[in-house]
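> I'd like to go over a predicted model; first the sequence, then the structure.
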Amino acid sequence: MVPQAPNRRLLIVVQEALFFTTHRLPVGRVMRDRGWEVHVAAPADPALAAQLSGEGFRVHAIPLRRGGLNPLAEIGLLLALVRLFLSLRPRLLHLVSIKPVIWGGIAARLTFLPAVAHAVTGLGFLFIRQDAKARIMRALLVPLYRFALAHRNSLTIFQNDDDRAEFEKRRLLSRPQAMIRGCGVDMQRFSEQPEPSGDVIAMFPARLLGDKGVREFVGAAELLKKQGATARFVLVGRRDPDNPTDVGEALVEAWVKSGIVEYWGFATDMPAMLAKAHVIVLPSYREGLPRGLIEAAAIGRAIVTTDAPGCRDVVRHEENGLLVPVGDTAATAAAIDRLLRDAGLRHKLAKRGREIAVAEFSVGQFVAESLAAYESLLKPRGEAL
């Protein structure tokens, strides 16, 4: 490991420590090995903080609650970030997802940090929903986004063209942008796996959120079972009570008790878990760029997902999966049924999915593009990685 040099400090602010370990750890390791002092700011998680500290990262707890909308709590988060930024004075600041981008971007401007990368990993439920509350919140968020993203030496990183177009439409962008599609998948860890023998399984591998399409998946399973399907339908993922679209424990229990689906809980070994399925299903309403779909493609599984931003950036209809309209339970059921019945089609889509994953979504490519983004922020000051 290269000895750390003074003042070579990178701070990555994320919505939860788990997100850093699953989505940003490879970049953090490379920067650490290049001699950078890498700091991670996230809501308190003692176990993960200890794990990251053991790898040489410095972890800071911040009072961020992803689903919270309490104005006093949000001001408290902003002030905590201002204090942290003044204390660390990082040469590079990387803000990931909505609240870190907004409040971290504002704090970066208030504390005159030299370089900021804003990672837009999706627009969240406030940009998906069209009810009155969501419209009011969007009206409040848009000027905050505009101010946060206007740092004089900043780069806004998008994962798909739809999100960038949305920001451009709302005139939020006055600084350079970059496109980094996803967060990369280790193609050796997620190696190609043969289909399992035994019962045919359709799997939903995501947080149990309404906006992830969990209701459409369960509804499709119910339709297919009424039609005589013998396949098993499995939910794999955690609940997320901080998210307003979390479906709740009681509803999950009711689904399982009715025999419509099985719930296998949260998986830490996703390659082994995905390998148990024959078809992967994510009827999401909107994504940044869903890592779960890339992982599924990487191990060689046909996919059913929606013709929605992010999802259609991974899955090409009839090439490596099937696309269905957002919110269409019947169409979701028909697509799943088609793949469950046609093993030849499944294998054809799965093979192409692996090829696309390796060519476009490898972790090495993600790290290289992330480092290039960092270098673009250092160049105006005559610095380099």
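Received the coordinates, thanks.
> tell me the mean pLDDT for stretch 15-27?
For stretch 15-27, the mean pLDDT works out to 94.
> could you do stretch 295-311 as well?
Stretch 295-311 comes out at a mean pLDDT of 97.
> start to end distance for that stretch?
Its start and end residues considered, stretch 295-311 measures 13 Å (C-alpha to C-alpha, to the nearest Å).
> Gly292 - how many residues pack around it?
25 (other C-beta atoms under 10 Å). (Glycine included, C-beta is placed from N, CA and C.)
> tell me which helix or strand the closest residue to Thr121 other than its chain neighbours sits in.
Distance criterion C-beta to C-beta, 6 or more residues apart in numbering; nearest residue to Thr121, sequence neighbours excluded, is Gly288 at 4.0 Å. Taking DSSP states H and E as the definition, Gly288 sits outside all helices and strands.
> next one: phi and psi at Gly288?
Per-residue torsions, Gly288: phi -80, psi -70 (degrees, to the nearest 10).
> tell me how many other residues crowd it.
Gly288, neighbours per other C-beta under 10 Å, totals 23.
> and if you look at Tyr285?
Under the neighbour criterion other C-beta under 10 Å, Tyr285 is assigned a count of 21.
> surely His39 meets Ile12?
Yes - His39 lies in contact with Ile12 (C-beta atoms under 8 Å); the separation is 7.1 Å.
> how near is Leu84 to Leu140?
Distance, Leu84 to Leu140, by C-beta to C-beta, to the nearest Å: 24 Å.
> ok, Met179 next?
27 Å.
> before we move on, the earlier item: which of Leu84 and Leu140 has more residues huddled nearby?
Leu84 (20 against 11).
> which of His39 and Ile12 has more neighbours?
Of the pair His39 and Ile12, Ile12 is the one with more neighbours under other C-beta under 10 Å, namely 25 against 19.
> part of a strand, is the more buried one?
Yes - using DSSP: H, G, I helix; E, B strand; the rest coil, the assignment for Ile12 is a strand.
> pretty sure it contacts Pro90?
No - Ile12 lies out of contact with Pro90 (C-beta under 8 Å); the separation is 9.2 Å.
> what do these two both touch?
Common neighbours of Ile12 and Pro90, counting by C-beta atoms under 8 Å, 6 or more residues apart in numbering, are His39.
> how far away is the closest residue to Arg32 other than its chain neighbours from Leu52?
Distances taken as C-beta to C-beta, 6+ apart put Val38 closest to Arg32, at 4.9 Å, once the chain neighbours are dropped. Val38 sits at a distance of 9 Å from Leu52 (criterion: C-beta to C-beta).
> and the two? Which one has more around it.
Shown here are Val38 and Leu52; by other C-beta under 10 Å, Val38 has more neighbours (28 against 21).
> so who does the more buried one touch?
Leu10, Ile12, Gly28, Met31, Arg32, Gly56, Phe57, Arg58.
> which residues touch the last one?
Think Arg58. Arg58 neighbours (C-beta under 8 Å, 6+ apart): Glu37, Val38, His39, Val40.
> list phi and psi for the second one.
Right, Val38. phi -100, psi 120.
> name whatever forms a beta bridge with it.
Leu10 (DSSP bridges).
> from His23, how far out is it?
Applying C-beta to C-beta to Val38 and His23 gives a distance of 15 Å.
> tell me, how many residues neighbour the nearest residue to Gly321 once chain neighbours are set aside?
Using C-beta to C-beta, 6+ apart and skipping the chain neighbours, the partner closest in space to Gly321 is Ile303 (3.4 Å). For Ile303, the neighbour count with other C-beta under 10 Å is 26.
> and for Ser53?
Quick note: Ser53 (other C-beta under 10 Å) scores 12 neighbours.
> wait, Asp242 sits on Ala73?
No - distance between Asp242 and Ala73: 12.0 Å, which falls outside the contact criterion (C-beta under 8 Å).
> joint contacts of those two?
With C-beta under 8 Å, 6+ apart, Asp242 and Ala73 have common neighbours Arg65.
> so the residue nearest to Gly321 belongs to a helix, correct?
No - if the criterion is three-state DSSP, then Ile303 is strand and not within a helix.
> distance of it from Leu123?
22 Å.
> what do you get for Glu166?
On the measure of C-beta to C-beta, Glu166 and Leu123 end up 6 Å apart.
> Thr305 too?
If you go by C-beta to C-beta, the gap between Thr305 and Leu123 works out to 17 Å.
> and these two? Which one has more around it.
Between Thr305 and Leu123, Thr305 has the larger neighbour count (other C-beta under 10 Å), namely 29 against 19.
> going along the chain, name the strands of the protein.
Applying DSSP state E to the chain gives strands spanning 9-13, 37-42, 58-61, 92-96, 116-120, 154-158, 177-179, 201-205, 232-236, 262-263, 279-282, 302-306, 321-324.
> closest to Ala272 out of those strands?
Nearest of the strands of the chain to Ala272, taken as C-beta to C-beta: strand 232-236 at 11.1 Å.
> related to what we said a few turns ago, wait, the residue nearest to Gly321 touches Ala297, no?
Yes - if you go by C-beta under 8 Å, Ile303 and Ala297 touch, sitting 6.6 Å apart.
> where do the contact lists of the two overlap?
Val314, Val315, Asn320, Gly321, Gly353.
> same list (these) but as CSV, adding pLDDT.
Compiled in CSV, these are given as follows (pLDDT from 0 to 100):
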residue, pLDDT
Val314, 96
Val315, 97
Asn320, 97
Gly321, 98
Gly353, 97
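> export these to JSON lines and tack on distance to Pro63?
Output for these, formatted as JSON lines (distance: C-beta to C-beta, whole Å):
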{"residue": "Val314", "distance to Pro63": "34"}
{"residue": "Val315", "distance to Pro63": "37"}
{"residue": "Asn320", "distance to Pro63": "41"}
{"residue": "Gly321", "distance to Pro63": "40"}
{"residue": "Gly353", "distance to Pro63": "41"}
